[in-house]
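In: structure for this input, please:
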Amino acid sequence: MTWTTKPPLLEDRMKSQLLFIQSLLQDCNSWCCISTNRDFETITVRVKHEGFSFLAITLPNFCKDFERSLDIGYVDHDMFLSFKKHAALPRFLGGLLDLVFDRDSGLLLDVPCHTAIFFVRQITLAYKKTLRSCTSARNKGAIDEYVQCEKEVKACEEEISNSGSIQLDSFDRASSLLWGSSLSRVDRDVYSTRIIPRHGPGSTSERIISNNKYKLRSWHSRLEEYFPSDIFAIPNHGFCDELESLNYLEPEAEIYPRVILVPKTLKTPRIIAIEPVCMQYTQQSLLEVLVYNLERDRLLNGCIGFSDQTPNQELARLSSKDGSLATIDLSEASDRVPNWLVLRMMQRFPHLSGALQASRSTHANVPGYGILPLSKFASMGSATCFPVEAMVFLNIIVSAWMRQLNEPVTKRGLKSLLGRVRVYGDDIVVPVDLVQSVVSELSYFNMKVNRGKSFWTGKFRESCGKDYYDGSDVSVSYVRREFPSSRRNVEEIMSLVSLRNQLYKAGLWKATSCLDDKLRRLAAFPIVEENSPIMGRTSVLPYREERMCPTLHRPLVRGLVAVPAARPSLLDGHAALMKFFLKRGKEPIFDAKHLERSGRPLFVDIKTRWAPPY
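Out: So this is what the prediction gives:
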């Protein structure tokens, strides 16, 4: 059967999305005292002709031009090309844009309305991150770009190694200044095998999950030098007989990571590489000691982080007011960190460097291309990818600073710089007076600066999921999943409850009311506090008890509760003992049946239950 028009279900979903957008526009009317009726008509017409891509791709591109205009201080003629203009500004959202820019000249107003900036972003970005599968053409394009990126990394390595440059000398000097104290400790830990491996929560290349990961079946032979199997693969030497069943794989017979696509945005998917069990297992041990030592090092304390995004966000807020710092975002960050540069950075720490190389996958299984050798250090999915890429970026920043300084480096000068620098993965904050040198240095080493999300000339800054204009928080809430149509859409309901509460905290009452109506059609939706197990409404009003618990004498309300279905996974023998020995800390971290069930739940169900509202 073929549809001559859109199927009814799709029509219902699109209607819900348009009603939500309309509620956002109504909030905008109230806050900014303007009319957005024509804007809603434009959205309705274009969604009818262009479909969901208008909400998920075209509107975010509008916001990209808007943010770039804020950064440079005016609306350029080559911006907002998908929308009709009146004078210098688009007609679409014209009432809001008139509160930010001068319509005749396109120049940024002396005192632009911060609320208008927030609503332009909220309306245009609402559906940017909705999880939907991309078209097959976009998926293929993403894989082709992944392979092309690998070729560029290889070509850059050959070009730089053949020419030699002062950038490499500066990079080496920066390495000696930055990592001596912290990585020496890590190097000693690796040498004395004082590192403790562990299994990650995710999937593996062999599709082994849950407790089955502790039943190691294969071991890459090149791990032996730094991760001896008689120490890392069995509980103690009393179990040496178990090593006879372990399949030792030579480099040419290794299990390679699988490159897969996961939903990110409708425009492009996210590419990750799923590592084999033994590699993931050993990478986790290096991740732990690297993060621990780098975050607690006296010199590096505050300028590099892996567990707390707040410092990046606070620096972005402060720099949006005084303009002293720039926020830099990188595209394809992990895929563009070359392995030869990591080797160069780690050359003074042979044991750590050797362990990183031993636990690094040298090839990957790429859909449509087969097994390809990797010139990058690691793809996203490797446990050591995140800390190592952050180290490389910080190393390049200091290298650029040293070359710009062009005089002997003092300890005080280096500490002063590091006090104004912050690196969290590929989210980078640097002083504005250094930004051009840093961008040039990053480009030299084949990193790709995302100019659409990097800011340093205006008063707009973004870092680690927070956006600010002149000190005001203009961060938005995203529709992460489709709106639920029934109680069976568990993840969609949980996502919608989270979105509703975010909008309530932002003061968007019309949008909140729109989602309240939708949720009430599905189940009871009482007022609760944030820590309640009930999926309910956040409110400034107090909760209303519906009954008292007869045994604990506490108030109860009736609502939806998420109930994860445990994944059966039996574990016994030496593998169960191994799981116990790999436990961190003195406190118990396992439930009573952790040897019978483990890992991520098979699915999450929702039940209507009585539970406390706090």
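In: what's the burial count for P408?
Out: P408 has 7 neighbours, counted by other C-beta atoms under 10 Å. For glycine as for every other residue, the C-beta is placed from the backbone atoms N, C-alpha and C.
In: let me fix that: Y191
Out: Neighbour tally, Y191, other C-beta under 10 Å: 16.
In: got the contact list for it?
Out: Shown in contact with Y191 (C-beta atoms under 8 Å, 6 or more residues apart in numbering): H351.
In: counting neighbours, which bits of the longest strand anywhere in the chain end up buried?
Out: Counting residues, the longest strand in the chain under DSSP state E turns out to be strand 555-565. Buried positions in strand 555-565, judged by neighbour count with 16 or more other C-beta atoms under 10 Å: 556-562.
In: repeat that for stretch 253-268.
Out: By 16+ other C-beta under 10 Å, the buried positions in stretch 253-268 come out as 254-261, 265-266.
In: which parts of this protein belong to which domain?
Out: 8-130, 136-469, 523-611 (automatic domain parsing).
In: out of those, flag the one nearest L508.
Out: In terms of C-beta to C-beta, the element of the domains of the chain nearest to L508 is domain 8-130, at 4.5 Å.
In: pLDDT of the closest one, averaged?
Out: In this model, domain 8-130 carries a mean pLDDT of 93.
In: ok, stretch 412-423 next?
Out: Averaged over stretch 412-423, pLDDT sits at 93.
In: what's the end-to-end length of it?
Out: 20 Å (C-alpha to C-alpha, to the nearest Å).
In: how far out from the middle of the chain is that stretch?
Out: Computed by C-alpha atoms, centre = their mean, to the nearest Å, the chain-centroid distance of stretch 412-423 equals 25 Å.
In: list the buried ones in that stretch?
Out: Across stretch 412-423, burial judged by 16+ other C-beta under 10 Å covers 414, 417-418, 420-423.
In: got a list of contacts for it?
Out: Here stretch 412-423 makes contact (C-beta under 8 Å, 6+ apart) with 177, 299-300, 302-305, 311-312, 315, 324-325, 390, 393-394, 397-398, 401, 405, 428-431, 434.
In: make it 6 Å
Out: 303-304, 311-312, 315, 390, 393-394, 397, 401, 429-431 (C-beta atoms under 6 Å, 6 or more residues apart in numbering).
In: with stretch 534-553 instead?
Out: Outside stretch 534-553, the residues that touch it by C-beta under 6 Å, 6+ apart are 497, 501, 504, 525-528, 555-560, 611, 613.
In: which among the buried residues of stretch 253-268 gets closest to L294?
Out: Of all the buried residues of stretch 253-268, P257 has the smallest distance to L294: 24.8 Å, by C-beta to C-beta.
In: hang on, I209 packs against P601?
Out: No. Using C-beta atoms under 6 Å as the test, I209 is too far from P601 to be in contact (11.7 Å).
In: so what sits against both of these two?
Out: With C-beta under 6 Å, 6+ apart, I209 and P601 have no common neighbours.
In: which one's more surrounded, these two?
Out: Neighbours were counted for I209 and for P601 using other C-beta under 10 Å; I209 has more, 18 against 13.
In: how about the contacts made by that one?
Out: Going by C-beta under 6 Å, 6+ apart, the list of residues near I209 reads G599.
In: state the mean pLDDT of stretch 222-236.
Out: 94.
In: and if you look at stretch 342-359?
Out: If you average the pLDDT over stretch 342-359, you get 96.
In: and stretch 47-64, how far from the chain's centre?
Out: 23 Å.
In: buried residues in it, which are they?
Out: Neighbour counts over stretch 47-64 (16+ other C-beta under 10 Å) mark 47, 52-57, 59-64 as buried.
In: and it, end to end?
Out: By C-alpha to C-alpha, the extent of stretch 47-64 from end to end equals 19 Å.
In: do stretch 448-466 as well
Out: Separation of the first and last residues of stretch 448-466 by C-alpha to C-alpha is 22 Å.
In: need the contact partners of it.
Out: Outside stretch 448-466, the residues that touch it by C-beta under 6 Å, 6+ apart are 64, 67, 70-71, 73, 309, 312-313, 316, 319-320, 326-329, 331-332, 424, 427, 432, 435, 439, 442, 468-470, 475.
In: can you tell me which of these are buried?
Out: Burial by neighbour count, 16+ other C-beta under 10 Å: within the contacts of stretch 448-466 this picks out 64, 67, 70-71, 309, 312-313, 316, 319-320, 326-329, 331-332, 424, 427, 435, 439, 442, 468-470, 475.
In: just the ones of the residues you listed in helices?
Out: Of the positions in those, 64, 67, 70-71, 312-313, 316, 319-320, 435, 439, 442 sit in helices, assigned by DSSP state H.
In: between those residues, which is nearest I117?
Out: Minimum distance to I117 across those is 7.2 Å, recorded for L70 (C-beta to C-beta).
In: for the closest one, what are its contacts?
Out: Counted by C-beta under 6 Å, 6+ apart, L70 has contacts 458, 460.
In: could you redo the last one with a cut-off of 8 Å?
Out: Counting by C-beta under 8 Å, 6+ apart, L70 touches 100, 108, 112, 117, 458-460, 469.
In: sitting in strands, which of the residues you listed do you find?
Out: Here DSSP E is the test, and the contacts of L70 give 460, 469 as lying in strands.
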